[in-house]
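[1] Predicted structure and sequence below. I'll ask about it afterward.
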Amino acid sequence: MITDPTLARINQGVQLHHHQGQRETARDLFAQIWDEIGAERGDPLHVCVLAHAMADVQDDVHQELIWDQRALAAADLLSDTRVAEAGVTLPVAGLYPSLHLNLAECYRKLGDLSRAREYLQRAQAGIGALGDDEYARLIKDGLDQVAQKLASE
């Protein structure tokens, strides 16, 4: 269970976007939190999760890519201890398949198919860090979808 109040607020924005269709409201909340945490100078866990969520509410794929890159860079600074302290049940390694999946899809949309395939392979290589739950199935389904799109391009 998430115990970190900043992560809980980020989750509110995710809920606004994914479950209530309020993309702009979520983006505004994420921008406010981004300023509050000190942007990229903030706690890497907050930066990673927030940038990952912020990427999903971008209208421009170039901006989406920038946010996804920020999320990945912040993940590289995380430890399993910090993640566990926040109540996140995944180890740091469990964050990478989703981060790599999002980058693969961005590069695919931008027409950089070699980079898209590279990140798809990274995501596939890291999938073992996930359990066998709803989240893992969501990521695996996303990997399958991107792989199919890349196979037809």
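    Cool, got the structure.

[2] all strands for the protein, in order.
    Along the chain, no stretch is classed among the strands by DSSP state E.

[3] Name all residues that make contact with residue 142.
    Residues in contact with residue 142 (C-beta atoms under 8 Å, 6 or more residues apart in numbering) are 98, 101, 105. (Glycine included, C-beta is placed from N, CA and C.)

[4] Nearest to residue 136 among those residues?
    Set against residue 136, the nearest of the contacts of residue 142 by C-beta to C-beta is residue 98 (10.0 Å).

[5] pLDDT value on the residue nearest to that closest one when sequence neighbours are not counted, please?
    The spatially closest residue to residue 98, leaving aside those adjacent along the chain, is residue 139, at 5.4 Å (C-beta to C-beta, 6 or more residues apart in numbering). According to the model's per-residue confidence, residue 139 sits at a pLDDT of 96.

[6] For residue 139, which residues are in contact?
    Contacts of residue 139 were listed using C-beta under 8 Å, 6+ apart, and they are 97, 98, 101, 123, 127, 130.

[7] Please report the distance of the last one from residue 137.
    Pointing back at residue 130 there. Residue 130 sits 9 Å away from residue 137 when distances are taken as C-beta to C-beta, to the nearest Å.

[8] So which of the contacts of residue 142 is the closest to residue 72?
    Within the contacts of residue 142, proximity to residue 72 (C-beta to C-beta) peaks at residue 98, which comes in at 10.3 Å.
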